[in-house]
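Enquirer: generate coordinates for the sequence data below:
(one chain, ligands or ions: 1)
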Amino acid sequence: MSTKPAVLVTGASSGIGATYADRFARRGHDLVLVARDGQRLEALADRLRREAGIAVDVVQADLTVEADLARVEARLREDARIGVLVNNAGAAVLGPFVDQNSGPLAALIALNVTALTRLANAAAPRFVRAGTGAIINIGSVVGLAPELGMSVYGATKAFVLYLSQGLHLELGPKGVHVQAVLPAATRTEIWERSGADVNTLDNVMEVGELVDAALVGFDRRETVTIPPLPDAGQWSAYEAGRQAMLPNLGRPHAAERYRAA
Ligand code: NAP
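Expert: This is a model prediction of the structure:
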């Protein structure tokens, strides 16, 4: 058993989550792997036990199902070996809003928003008591770009960014590191699962490059990591613009332009 904190990765059966599992295993961390496809998780666990000599537990769970989500929450609350949560499981619903249906939209929000929030909420109090721990939330650049035409998916990812920034402010001073990772198009199964062909897209990043870059940001204790963004100054300027508004958002009178003549 490793002396390093164990890492619980949701959505570890493929793509970004499976790659996080691989990278944390190579760093010598024990793992708890969560997803619906138990066979794929077991195959990954076998490989990582063999190749990295770490301990791996598999938890088969559908995070949109209450009893399964509650099991993973309990694990995060009770298993003191877990010191890092990678909140990665997610899905996309593509196409115009007017063609989308309430069932898939509710499932999307249940996974990308509700499950992610509840798992962070299950881990955070224990991490705060320990004075250490980390939560990595996988957002998306779509959360910054309504122009991309994925309104509900993007809104779930805007939520992830906001939540991560808020939790960073609350938990950071208590020793808990919170990072939002905002990938752009990355070659994983999410495209096929949502009915798109990744091979028709330009500028697709390979998943290993994405996760390795995100981990550079993690090691630097970044709050927001946008692996494809060449100029970090653009993000800083965006943040500075938002923060400059803050003193002006709470005023007792309507702004001049809204006053009736
Ligand atoms: P992926 O290969 O489809 O992986 C999604 C993972 O989530 C799988 O392990 C899947 O496993 C799991 N999952 C899906 N529904 C689940 C459920 N109901 N309960 C539990 N686990 C569930 O896609 P990915 O690209 O790696 O996605 C990982 C994260 O990256 C997502 O949050 C996604 O929004 C984000 N992201 C991806 C891209 C991109 O272009 N790929 C860009 C920006 C952000 P099972 O099917 O076994 O449950």
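
Enquirer: interface residues of the protein facing the ligand?
Expert: Proximity of the chain to the ligand, by Cβ under 6 Å from any ligand atom, involves residues 11-17, 35-37, 40, 61-64, 88-91, 111, 138, 140, 183, 185-186, 188-190, 193. (C-beta placed from N, C-alpha, C; glycine too.)

Enquirer: and those residues, which are buried?
Expert: 11-17, 35-36, 40, 61-64, 88-91, 111, 138, 140, 183, 185-186, 188, 190 (16 or more other Cβ atoms under 10 Å).

Enquirer: contacts only, for K4.
Expert: 27-30, 83 (Cβ atoms under 8 Å, 6 or more residues apart in numbering).

Enquirer: report the buried residues of the lengthiest helix in the chain.
Expert: Secondary structure of the chain per DSSP state H: the longest helix is helix 151-171. Residues of helix 151-171 classed as buried by neighbour count (16+ other Cβ under 10 Å): 152-161, 163-164, 167-168, 171.

Enquirer: which residues does it contact?
Expert: 87, 90, 92-94, 97, 100, 105, 108-109, 112-113, 116-117, 120, 124, 127-128, 135, 137-140, 142-146, 148, 176-180, 182, 223-224.

Enquirer: any idea which helix or strand comes after that helix?
Expert: Next helix or strand after helix 151-171 toward the C-terminus (DSSP states H and E): strand 176-181.

Enquirer: list the helices and strands the helix or strand following that following strand packs on?
Expert: Scanning forward in sequence from strand 176-181 by DSSP H and E, the next helix or strand is helix 190-193. Helices and strands touching helix 190-193, as assessed by 3 or more Cβ pairs under 8 Å, 6 or more residues apart in numbering; DSSP states H and E, are absent.
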